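Participant: attaching a predicted model along with its sequence, questions to come.
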Amino acid sequence: MKHSNNPIPPAKAMLHLVVGFAIIATSIAFSPHRFQQTRRTNLQVPNTNTRLSHNACASTECTPSIPLSLGSQETAQGGEEDFRASYPPRNPLFESTNVITKHMQVPNTTFIHKIAPEAPKLWDRITQKPKNDNGRIGVDITVEFRNAKHGAASLVQKCLVRSNVDMLDEELEEIENYIADALAFFQESIGVGVEQENGIYKARLVSSLGSVGQKCPRWHVDHVPLRLVMSLAGPGCIYIPMEKEVNHPFRVDRDALNELDDDDTARANEVILPYGEKDVAVYADKGDAVLLMGRAWENYHPDYEMVKGGLAAPHRSPKLSKDQLRVLLVVDLLPKS
């Protein structure tokens, strides 16, 4: 068989080339993963949010995320249904808002001073290299409870034992009653009853000096139905209520809030709030009991899929100066086992 050595005419070769490029371009344009991949690239989002769950929400003011697969919608929905079913239905109070606050004047007792970390002495600052540039922790106590008074008494007593100090009976009763009122406020807002069999709560009290008390500087939402965050000393948390978000649309990037994977907190916050915090962020004060609705109560009821209501409340920790004292109380409802 003879092989032709005649070259392909230039016009015909160009036509083949154009057709080939057209086929490739068409396959890319109509690929089912094109738009998803573009969006993930712009937001720097990985295939799952597992990394975010460990970076952004692993400390006092926030709860680790439930890893939901972004690549499998069926898996994600099933996992979230199981997660939400561990908690009671949403309190109707949160059908029109996602944040409720109550100011509770902190009593003037020696309790805060007694559980505060000891500040380094001037001579030690001059002669010794600091062990932790971020500050230091005084107490970090967690108790489980059903009855608010019992929970408050246990929390206060364990803090004093940890600090190896005593208090006068009058002062002790005053601070226990104060914390009991805060715990009861949370229980009433959850709506499952103070002594209900399945209502087991967790309270955590942390005292700190310096930026180590800035637990979650990144904007995030919690994977719980409701969380109480309250500062007994130092600034409170910073949050964005639903009313502010509705009045200033496009100020919070919800996709980035839930899915963005970036180790740089400042850069992540700029993506989540591209226009900054002005006009949308609220700064809680000492003594403000802030109830933040979490993702477990987002548009959910166990008897039907969607109900009227808002989304989980974005929030973050405040910036703290060197040696600034902060005493933080956080209360949660434990999921049913």
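Facilitator: Great, that's in hand.
Participant: show me what the strand or helix carrying residue 176 is packed against.
Facilitator: Using DSSP states H and E, residue 176 sits within helix 169-190. If you count contacts as 3 or more Cβ pairs under 8 Å, 6 or more residues apart in numbering; DSSP states H and E, helix 169-190 packs onto helix 111-115, helix 148-163, strand 201-209, strand 226-233, strand 288-293, strand 325-333. C-beta coordinates here come from the backbone N, C-alpha and C atoms, glycine included.
Participant: redo that, cut-off 6 Å
Facilitator: helix 148-163, strand 226-233, strand 288-293, strand 325-333 (3 or more Cβ pairs under 6 Å, 6 or more residues apart in numbering; DSSP states H and E).
Participant: what is the mean pLDDT for that helix?
Facilitator: Helix 169-190 shows a mean pLDDT of 96.
Participant: with stretch 233-249 instead?
Facilitator: 95.
Participant: tell me the buried residues in that stretch?
Facilitator: By neighbour count on 16 or more other Cβ atoms under 10 Å, the buried set for stretch 233-249 is 233-242, 244-245.
Participant: related to what we said a few turns ago, how about the helices and strands packed on helix 169-190 in a markdown table, adding distance to residue 93?
Facilitator: Output for those, formatted as a markdown table (distance: least, Cβ to Cβ, whole Å):
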| stretch | distance to residue 93 |
| --- | --- |
| helix 148-163 | 18 |
| strand 226-233 | 10 |
| strand 288-293 | 9 |
| strand 325-333 | 15 |
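Participant: among these, which is nearest residue 204?
Facilitator: strand 325-333 (4.9 Å; Cβ to Cβ).
Participant: the chain: helices as residue ranges?
Facilitator: 10-29, 34-43, 50-55, 73-84, 111-115, 122-127, 148-163, 169-190, 242-247, 254-259, 265-272 (DSSP state H).
Participant: rank the ones you listed by mean pLDDT and give me the bottom one.
Facilitator: helix 34-43 - the lowest mean pLDDT of these, at a mean of 30.
Participant: I'd say residue 313 and residue 97 touch.
Facilitator: No - the criterion here is Cβ atoms under 6 Å, and residue 313 misses it with residue 97 at 8.8 Å.
Participant: so which of these two has more stuff around it?
Facilitator: Set residue 313 next to residue 97 and count neighbours by other Cβ atoms under 10 Å: residue 313 wins out with 27 against 15.
Participant: give me the nearest residue to residue 153, chain neighbours excluded.
Facilitator: residue 176 (5.2 Å; Cβ to Cβ, 6 or more residues apart in numbering).
Participant: what's the one you found in contact with, if anything?
Facilitator: 152-153, 156 (Cβ atoms under 6 Å, 6 or more residues apart in numbering).
Participant: quick one: end-to-end distance for stretch 85-96.
Facilitator: 22 Å (Cα to Cα, to the nearest Å).
Participant: in that stretch, what's buried?
Facilitator: 87-88, 90-91, 94.
Participant: want to try CSV for those, with pLDDT as columns?
Facilitator: Listed next are the buried residues of stretch 85-96 as CSV, based on pLDDT from 0 to 100:
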residue, pLDDT
87, 88
88, 88
90, 90
91, 90
94, 92
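Participant: sort out for me which of those residues are in strands.
Facilitator: Using DSSP state E, no member of the buried residues of stretch 85-96 falls within strands.
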